[in-house]
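> Sequence and predicted structure are below.
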Amino acid sequence: MDISASAFNLHNEESQRAIAKEKKQDAQFREIITSCTSLSHYESRTFITLLPQIIATLIAGSFHIVVGITLAYSAVLIPQLRNTTILTSETSTFDNSSINATASQGQKEAWVASTTIVVVPVACLVCGALMDWIGRLNTLKLTAIPVTIGWILIATATNYPMVLIGRILTGVAGAFGTSPAIVYLTEIARADMRGSLISCAPAYASLGMVLAYLKGWFMDWRTIAWVCNIYTVLPCVLMFFIPESPAWYISKGKIEEARKSLEWIHKYQPHPPNKTQSMAELHLAVLIRDHEKKQEERRNSKYTGLTMKLKEFTRPTAIKPLIMLFLLFFVQQFSGIYITLFYAIDFFKQMGNDMNPYLASIFVGTVRFCMSMVNTYLLKRFKRRPLVMVSCVGMSICMLVSGIFTKWTIEGTTRLTWVPILCLLFYVITSMIGLLPIPWTMTAELFPLEIRGIAQSISYATANILMFLAVQSYPALSNLLGGVVYAQWFFAVICLVGLVYVFAFMPETHGKKLNDIVEYFVDNTLYLTAHKKEKEKKKAKATDRKPIVKNTRVTKGDLEKSPNGQSKNLIENV
């Protein structure tokens, strides 16, 4: 009987503790207003509530138009500098008598194509520190100065060095006009809309490429350079009408400015039910809470200032995403995406078809732009990993088939000379599904807030170094492989390598909070292992939710029915 009484008392105490714990958790859940989950719970999903974020996205991302024009401009510039007759309805000859393009013409053309990329890695490092110092939007506004000077130099060039210097200065747009915009959009966007909103930036870049190809069809290269100043200045003027990132304001201790910024972002959000605070105030509480937590960690750490930031880069949350992005960008750059962009006109001519290369480039640019618009939906609807894997498979197939028909076209054994063009169009479509846009969007998603600006810039710089190597080495690579046919097959193989890599290592970030994405890298490297851990964790949580404790509770009625306070009801419950 004593044993039964002891067992009863033990179960009774456990039951009471379980009840108290549940009540405490319920109270905490009701009181939590400073968590991302609770914010998502209160956020309205209507279009009007998202309108301020859309406006900010369209304005902050608009500098990507200049980036797109800068990237595609070499495809227009190089043939015109050669004074080559393009097969159109009318023969057009452009004045390039003042530009020296003699002896080492091939090398000079490669440098004209790749020079814009050379400056980007250095500019990215400067940009990362600058955007953390003066803000995301102020960094974007400053970009207009060197880029405008660059376009003026190109437009007035009288010799080869002036063209190169102009290309270097316009290349600043590749860093200063993109990294701050991506970080800004990442920090203001709602979690479920982050991918779609960020993808508007590549859409702008694609639009810039179409504009470059279109203008190249009927404009002189100098005129194009003059017109580009409009696309440079206009975004900077519009940025005065949107607020700075509230997260940046909080990091600088500017609470009132952050409040005003959040009030603008959430101006159409309805008041949360049963809450005295507005949505902006709830969001502000989240940012302050997170900032104070990080400040406390810094105070308790022996590292401060620059040393603290350097220490952050030694942690898995910085090292792993940097390595992962490096390999992903390697696949992206050597899969031919940007090579076919920088050498578009020449690439089409080498494929041996009869279509006007400028017209073909316009088609490709238009398809790229249309797909970038479609991609805003795809990134919202589908997960990142499947999109990139489908992209790799599609690109590989397209390049394989294109290479085969290009070979037959050059040999004169087929009349289907349009097939390589069609394959290249589908190659662009499948690249826009995943492998082209997603690595760029992930550069701002994967890193902790403390180093997000610098880390994103480092990733961006690394990507541009790889882009430079790919673009600069393409003429030599094509000759080494044996021509454009084998270059296309080389791209196909790289895409298959990318498929394997993404399947094994790339994490899923779709719809996840930034903090959850960062936490992923603490204990995980291989995605397959991490996914297995996550499934086991969910299974364990589901097991924990089973009402085991409730079955051990003994009600007051049970005690009264028991003749000695410890008999049959206790045994039945046990």
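Nice, I can see it. These numbers come from a predicted model, not from an experiment. Residues are numbered from 1 along each chain as shown.
> Could you list the low-confidence segments of the stretch 251-400 of the chain?
Applying pLDDT under 70 to the stretch 251-400 of the chain flags the ranges 272-276, 297-299, 301-306.
> In the stretch 301-450 of the chain, what residue spans correspond to strands?
With DSSP state E, counting those that start in this stretch, there are no strands along the stretch 301-450 of the chain.
> can you give me the helices in it?
305-312, 316-334, 339-342, 344-350, 357-381, 384-411, 419-433, 437-442 (DSSP state H, counting those that start in this stretch).
> Compare those and give me the one nearest residue 117.
helix 339-342 (8.9 Å; C-beta to C-beta). Backbone N, C-alpha and C define where each C-beta goes, glycine included.
> Quick one: distance of the closest one to the chain centre.
Distance of helix 339-342 from its chain centroid, counting by C-alpha atoms, centre = their mean, to the nearest Å, is 20 Å.
> related to what we said a few turns ago, so which of the helices of the stretch 301-450 of the chain is nearest residue 494?
Short answer: helix 316-334, nearest of the helices of the stretch 301-450 of the chain by C-beta to C-beta, at 4.9 Å.
> and that closest one with helix 305-312, angle?
Per axes from the mean of the first three to the mean of the last three C-alpha atoms, to 10 degrees, the angle that helix 316-334 makes with helix 305-312 is 70 degrees.
> related to what we said a few turns ago, with distance to residue 126 as extra columns, can I get the helices of the stretch 301-450 of the chain in TSV?
TSV is the format used below for the helices of the stretch 301-450 of the chain (distance: least, C-beta to C-beta, whole Å):
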stretch	distance to residue 126
helix 305-312	15
helix 316-334	18
helix 339-342	24
helix 344-350	30
helix 357-381	28
helix 384-411	29
helix 419-433	30
helix 437-442	19
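> Minimum distance to residue 143: which of those helices has it?
When those are compared (using C-beta to C-beta), the closest one is helix 437-442, at 17.3 Å.
> now the helices of the stretch 301-450 of the chain as CSV including distance to residue 202 and mean neighbour count?
Formatted as CSV, the helices of the stretch 301-450 of the chain follow (distance: least, C-beta to C-beta, whole Å; neighbours: other C-beta atoms under 10 Å):
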stretch, distance to residue 202, mean neighbour count
helix 305-312, 28, 13
helix 316-334, 12, 20
helix 339-342, 12, 24
helix 344-350, 17, 23
helix 357-381, 5, 20
helix 384-411, 13, 21
helix 419-433, 8, 22
helix 437-442, 5, 25
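> so where do the helices sit in the stretch 151-300 of the chain?
In the stretch 151-300 of the chain, the helices defined using DSSP H, counting those that start in this stretch lie at 160-171, 173-176, 179-188, 194-198, 200-218, 221-238, 246-251, 255-265, 279-300.
> Same list, those helices, but as a markdown table with distance to residue 448 and mean neighbour count please.
Listed next are the helices of the stretch 151-300 of the chain as a markdown table, based on distance: least, C-beta to C-beta, whole Å; neighbours: other C-beta under 10 Å:
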| stretch | distance to residue 448 | mean neighbour count |
| --- | --- | --- |
| helix 160-171 | 29 | 21 |
| helix 173-176 | 21 | 29 |
| helix 179-188 | 12 | 27 |
| helix 194-198 | 16 | 26 |
| helix 200-218 | 22 | 24 |
| helix 221-238 | 29 | 18 |
| helix 246-251 | 12 | 24 |
| helix 255-265 | 19 | 19 |
| helix 279-300 | 9 | 16 |
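> For residue 491, which of these is the nearest?
Nearest to residue 491, of all those, is helix 200-218, at 18.8 Å by C-beta to C-beta.
> Please convert the helices of the stretch 151-300 of the chain to CSV, extending it with distance to residue 461.
CSV is the format used below for these (distance: least, C-beta to C-beta, whole Å):
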stretch, distance to residue 461
helix 160-171, 12
helix 173-176, 7
helix 179-188, 9
helix 194-198, 19
helix 200-218, 17
helix 221-238, 22
helix 246-251, 21
helix 255-265, 28
helix 279-300, 25
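> Out of the ones you listed, which gets nearest to residue 331?
Going by C-beta to C-beta, the one of those nearest residue 331 is helix 200-218, 17.2 Å.
> Which strands and helices lie in contact with the closest one?
Packing contacts for helix 200-218, counted by 3 or more C-beta pairs under 8 Å, 6 or more residues apart in numbering; DSSP states H and E, involve helix 47-60, helix 64-81, helix 179-188, helix 221-238, helix 357-381, helix 437-442.
> Now do the longest one: which elements does it pack against?
Applying 3+ C-beta pairs under 8 Å, 6+ apart, one finds that helix 357-381 contacts helix 64-81, helix 194-198, helix 200-218, helix 344-350, helix 419-433, helix 437-442.
> ok, now with 7 Å
Under the contact criterion of 3 or more C-beta pairs under 7 Å, 6 or more residues apart in numbering; DSSP states H and E, helix 357-381 touches helix 194-198, helix 200-218, helix 344-350, helix 419-433.
> coming back round to it: I'd like to know which of the helices of the stretch 151-300 of the chain is closest to residue 56.
Once the helices of the stretch 151-300 of the chain are compared by C-beta to C-beta, helix 179-188 is nearest, at 5.9 Å.
> Return the distance of the nearest residue to residue 520 once chain neighbours are set aside relative to residue 522.
The shortest distance from residue 520 to any non-neighbouring residue, by C-beta to C-beta, 6 or more residues apart in numbering, is to residue 507 (5.4 Å). Using C-beta to C-beta, to the nearest Å, residue 507 is found at 12 Å from residue 522.
> Ok, residue 512 next?
As judged by C-beta to C-beta, residue 512 and residue 522 stand 14 Å apart.
> between those two, which one's more packed in?
Remark: of residue 512 and residue 522, residue 512 carries more neighbours, 18 against 10, as counted by other C-beta atoms under 10 Å.
> for the spatially most central residue of the chain, what are its contacts?
Taking C-alpha atoms, centre = their mean, the centroid of the chain lies closest to residue 441, which sits 0.5 Å from it. Shown in contact with residue 441 (C-beta atoms under 7 Å, 6 or more residues apart in numbering): 195, 198, 199.
> what about 10 Å?
By C-beta atoms under 10 Å, 6 or more residues apart in numbering, the residues touching residue 441 are 182, 185-186, 194-199, 201-202, 375, 379, 384, 509.
> Closest to residue 493 out of the residues you listed?
Set against residue 493, the nearest of these by C-beta to C-beta is residue 384 (23.2 Å).
> residue contacts, that closest one?
Taking C-beta under 10 Å, 6+ apart, we find residue 384 in contact with 195, 378, 434, 438-439, 441-442, 445, 502, 506-512.
> Pretty sure residue 522 sits against residue 316.
Yes: counting by C-beta atoms under 10 Å, residue 316 is a contact partner of residue 522 at 5.7 Å.
> And residue 384, how far from residue 284?
On the measure of C-beta to C-beta, residue 384 and residue 284 end up 30 Å apart.
> How about residue 363?
Look at residue 363 and residue 284: by C-beta to C-beta, they are 48 Å apart.
> Now for residue 321: which residues touch it?
442-443, 445-448, 455, 459, 507, 517-518, 520-521.
> residues contacting residue 52?
188, 242, 243, 263, 264, 265, 266, 267, 268, 269.
> hmm, I was thinking of residue 375
195-196, 199-200, 202-203, 206, 387, 432-434, 436-438, 441.
> ok, now residue 109?
Counted by C-beta under 10 Å, 6+ apart, residue 109 has contacts 74, 77, 78, 79, 81, 82, 101, 343, 346, 475.
> rerun that using 7 Å as the cut-off
residue 78.
> what helix or strand does it sit in?
Using DSSP states H and E, residue 109 falls within helix 105-134.
> follow-up on the earlier one: right, and the helices of the stretch 301-450 of the chain - which one's nearest residue 217?
Here helix 357-381 is closest among the helices of the stretch 301-450 of the chain (C-beta to C-beta), at 4.6 Å.
> any chance of the helices and strands packed on helix 200-218 in a markdown table, with distance to residue 471 too?
As requested, the helices and strands packed on helix 200-218 are arranged in a markdown table below (distance: least, C-beta to C-beta, whole Å):
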| stretch | distance to residue 471 |
| --- | --- |
| helix 47-60 | 27 |
| helix 64-81 | 9 |
| helix 179-188 | 20 |
| helix 221-238 | 19 |
| helix 357-381 | 16 |
| helix 437-442 | 17 |
